[in-house]
Each structure stands twice: as structure tokens, then as C-alpha cells.
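**Q** With the sequence up front, the predicted model follows.
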Amino acid sequence: MRDFGVIGARLLHWYDRHARSLPWRVPQGQADPYRVWLSEVMLQQTTVAAVKSYFQRFTSLWPTVHDLAAAPDAQVMGEWAGLGYYARARNLLACARAVSAMGGFPDTREGLGALPGIGPYTSAAIAAIAFGRAETVVDGNVERVVSRLFAVETPLPAAKPELVRLATLLTPDQRPGDFAQAMMDLGATICTPRSPACGICPILDECAARAQGIAADLPRKLPKKAKPQRFGTVWIGFAGDRVLVETRPDKGLLGGTLAFPSTGWDGSDMEAPAGGDWRDMGVVRHVFTHFTLDLTVLSGQLTANPERGNLLALREFSPSALPGLMRKAWSLAKPDLAQPETARPAATMRRAGKPGKNPP
DNA sequence: TAGACGTGGGT
DNA sequence: TACCCAAGTCT
């Protein structure tokens, strides 16, 4: 029987010396539940590098959960643009408003888990990190670390309950938040998916997979399905110095984001906005989690009042408020504004984004 | 319950 | 290029 206390102690000792400095981490003292929650939601399926600037921007605009709760939907969606998984932004606002109305964050895993956008992982993370509760935090890093530590060969996701059980055995009563972050840091920097740096691992001697020489092969996963290819068309229509945009419906892909009118991606059709000669500006390829999209970008002058969406003055339009797919489309169709970059508003400069790759 | 849901970076 | 991956949640 392995000594779980030794593993926890070694990890915490390692964490005390090697913890990464991150904007949402408080060196000592009690973490702010609002900042813990915000960072954890942003970090769902998203890299630390991508989250940093968004976290700074959000906490600067909205220092407390009450400030965020009072923000307009469109502004929050615009600030989230580019980060992906937009249901998170919609749930973020719903959660902020619920929390603000109840006067603050619940301090238990159960209470937190009842809020929108907070699932098993995030509720445990906030309870442990912000409130010092001995909850077991299991994310992708922890699954990997634990599957190797105990050489669990059952493929994910079937192995999940067993990994949670083992992780629970490891979680200490003292410093559960630091322990959780230590596990995640270990997974992110040493116990990596490929080429794990076992040589510098603080719990090398405890690792069953290392002993068997199969660390890099774990966790095992079921083969994934092929990604279908889909096609669509987007219209970028101008009326003088205005451009036609719309807010997408809350449900479904890119729900609630600012966008240009487009067809569906599954063969469904849509009438082009009333326009004359639509010019073919090329195709942008965009890879989603579950399909690849080739989107034909058409651009032209509108000849009648659009039936849907609204015309936005170009000077008030910031591509940074668009999701990545629509930024790519815009980069193909945007008019030459004949202005030096430095003369453009700061809001447009920020996160202007790289032009989308354009297949031949 | 398995599929929907973004994006960018690493190999 | 192509594939994998990242501090998951919702339905």
C-alpha cells in the first residue's frame, strides 16, 4: 500500500518552490472567490497563455462580481470574443447575476455546483482554492497524473470514476487548494501528455507507470472519430460606411456572438442579403472541435434595407468583438480604410488578430 | 450518454 | 499538413 501522505507532502513541497506566478494566484492570504471563479471558467479547455490577457482585461473592467453582473450582455460577449466556447460567457453573466443577487459566492462545493457554468471540476476548484475546503479537484491534468501514478490502464472516459477515487485518496485535509494547483502544475509542466519529464518529477519514486516504463502511454484513450468537412457562405455587406452584422441566437455554435449573416454549415440554405454584385473574396478554413468548415466569403454593397441584423458604422465596429471565424472572414473582406494603423481607435488595435489562413 | 461546443499552439 | 491537446459543462 502506497503512502499517500508522502505523495501529498512531496507535491506541496515541490509546489512551494516551483509554483508558477499567475495573475489569478495570490502568493499568500485568502484568494478572492470572484477571481478564482473567473479564472477557472476561462481556463476550462483553454490554455494559460490564452487566458492571461482576458483575465487582466475582465478584472480591470469589472473588479467585483457585482460590477460584472451589471455589465451589458453585448459588452461581455465582445470582451470574451476570441476565447472560444461562448456558452461559458453566457453562463458567466448568468452566474454573476445570480451570485450578486445572493450577496456573494456560496462557500461549498454543492452550492457552487448549482450555479450556471460550474460543474464538478470548477465547483471543487473554487471550494478548495478560495474556501480551503478539502474537495477533490479532477481535471485533465489530474487524470493524467493519477493514471500514471497508479498505472491505470483502463481507457478514458471509462477510467474516470476510478481516477476520481484515487485522487480522493491523495487529497490532503491541509492546503487542499495548493495541493490541487500542485497537481495541475505538475501535469502542465512535468507530467505532460507527451515526453513527460520524469527525471525531474518530485514523485518519481512513487510512480507505478514510470516503474513499468509506460508513463508516456498513459492515460489510454478511446480512438476519436473523424472530423467531417462542412461548407458555408458568409455575406459581408456594406451600406456606405456601415457594415451589416447580427447577434447570433444564444443556442448553438457561436451562440450570442456578433457575426456577419451566413448560411448554416450543414447544407442548410439562406437567402443572401439584398445586394447587387457579391464579390467572391475567397475561402477561410476554420477547424472546430467536431468539424472543419470552409467558409466562402462574399462581399458587396447592399441595395436595400436588410431584413435582419443591423448596420453598424465602421468607426464603431471592432473586429476584436468577433469570434475567430468571423475575424478571419473580415480579414478577407474589410475595405481598405486608407488610414495608418496608428490613427485607428485603440479598441480596434487591441487584439486585432492575425489574418485567417487562406487555402489556395 | 455521447455529442456539441472554439481556438491557438506544439509536435 | 495533420493531429493532438488545454484548469469542462450542458443536454
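**A** Yes, it's here.
**Q** Give me the neighbour count for residue A:124.
**A** Residue A:124 is flanked by 26 other residues according to other CB atoms under 10 Å. To be clear about C-beta, it is placed using only N, CA and C from the backbone, and glycine gets the same treatment.
**Q** Can you tell me the closest non-neighbouring residue to it?
**A** residue A:135 (4.1 Å; CB to CB, 6 or more residues apart in numbering).
**Q** Could you count how many residues lie near residue A:260?
**A** Residue A:260 has 24 nearby residues by other CB under 10 Å.
**Q** Tell me the residues of chain A that contact DNA strand B?
**A** Counting by CB under 7 Å from any atom of the strand, chain A comes close to DNA strand B at A:45-47, A:49-50, A:81-87, A:157, A:194-195, A:225, A:252-255, A:286-290, A:323-325, A:353.
**Q** which ones among these come in contact with DNA strand C?
**A** Applying CB under 7 Å from any atom of the strand to the residues of chain A next to DNA strand B, those adjacent to DNA strand C are A:45-47, A:85, A:87, A:194, A:287, A:289.
**Q** okay if I get these as JSON lines plus neighbour count and secondary structure?
**A** Output for these, formatted as JSON lines (neighbours: other CB atoms under 10 Å; DSSP: H, G, I helix; E, B strand; the rest coil):
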{"residue": "A:45", "neighbour count": "10", "secondary structure": "coil"}
{"residue": "A:46", "neighbour count": "15", "secondary structure": "coil"}
{"residue": "A:47", "neighbour count": "9", "secondary structure": "coil"}
{"residue": "A:85", "neighbour count": "14", "secondary structure": "coil"}
{"residue": "A:87", "neighbour count": "14", "secondary structure": "helix"}
{"residue": "A:194", "neighbour count": "5", "secondary structure": "coil"}
{"residue": "A:287", "neighbour count": "10", "secondary structure": "strand"}
{"residue": "A:289", "neighbour count": "8", "secondary structure": "coil"}
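**Q** Farthest-apart pair in those residues, please.
**A** Using CB to CB, the two most remote members of these are A:87 and A:194, lying 29.4 Å apart.
**Q** Can you show me the strands along the stretch 201-350 of chain A?
**A** Secondary structure of the stretch 201-350 of chain A by DSSP state E, counting those that start in this stretch: the strands cover A:229-239, A:242-247, A:258-259, A:279-287, A:292-301, A:310-313.
**Q** Next, format those strands as a markdown table and append mean pLDDT.
**A** Shown next, in a markdown table, are these (pLDDT from 0 to 100):
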| stretch | mean pLDDT |
| --- | --- |
| strand A:229-239 | 94 |
| strand A:242-247 | 96 |
| strand A:258-259 | 98 |
| strand A:279-287 | 95 |
| strand A:292-301 | 94 |
| strand A:310-313 | 95 |
